[in-house]
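Participant: following is a predicted model, sequence given first.
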Amino acid sequence: MSGSTKTMGVLTVGALVVVTAYTAALGSNGWLWFGWVVLGMVTIGMIASKST
């Protein structure tokens, strides 16, 4: 994996931690989860495009 792909992976995992903590403390926010899913899909796309 390239440096940018690793950075996106770390960012995605970090965002998951933040969104989960927010949900546990203040309640669920659909937009945060939607944003995290989009970020995860972009990260997966980057990984897939680098491996081909």
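Facilitator: Perfect, thanks for sending it.

Participant: for the residue positioned nearest the centre of the chain, which non-adjacent residue is closest in space?
Facilitator: Nearest to the geometric centre of the chain sits Thr12, at 2.6 Å (CA atoms, centre = their mean). Nearest residue to Thr12 in three dimensions, chain neighbours excluded: Thr43, at 4.6 Å (CB to CB, 6 or more residues apart in numbering). Any C-beta I mention is one placed from the backbone N, CA and C, and that applies to glycine too.

Participant: can you verify my assumption that the one you found contacts Lys6?
Facilitator: No. With contact defined as CB atoms under 8 Å, Thr43 does not count as touching Lys6 (10.1 Å).

Participant: tell me where the model's unsure across this structure.
Facilitator: 1, 51-52 (pLDDT under 70).

Participant: can you do 80?
Facilitator: 1-2, 50-52 (pLDDT under 80).

Participant: related to what we said a few turns ago, what helix or strand does the residue nearest to the centre of the chain sit in?
Facilitator: Thr12 is part of helix 3-26 when elements are defined by DSSP states H and E.

Participant: what helices or strands is that helix leaning on?
Facilitator: For helix 3-26, the packing partners by 3 or more CB pairs under 8 Å, 6 or more residues apart in numbering; DSSP states H and E come out as helix 30-51.

Participant: which positions within the helix it packs on qualify as buried?
Facilitator: 36, 39-40, 43, 46 (16 or more other CB atoms under 10 Å).

Participant: can you redo these as JSON lines with distance to Gly27?
Facilitator: JSON lines is the format used below for the buried residues of helix 30-51 (distance: CB to CB, whole Å):
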{"residue": "Trp36", "distance to Gly27": "16"}
{"residue": "Leu39", "distance to Gly27": "21"}
{"residue": "Gly40", "distance to Gly27": "21"}
{"residue": "Thr43", "distance to Gly27": "26"}
{"residue": "Met46", "distance to Gly27": "31"}
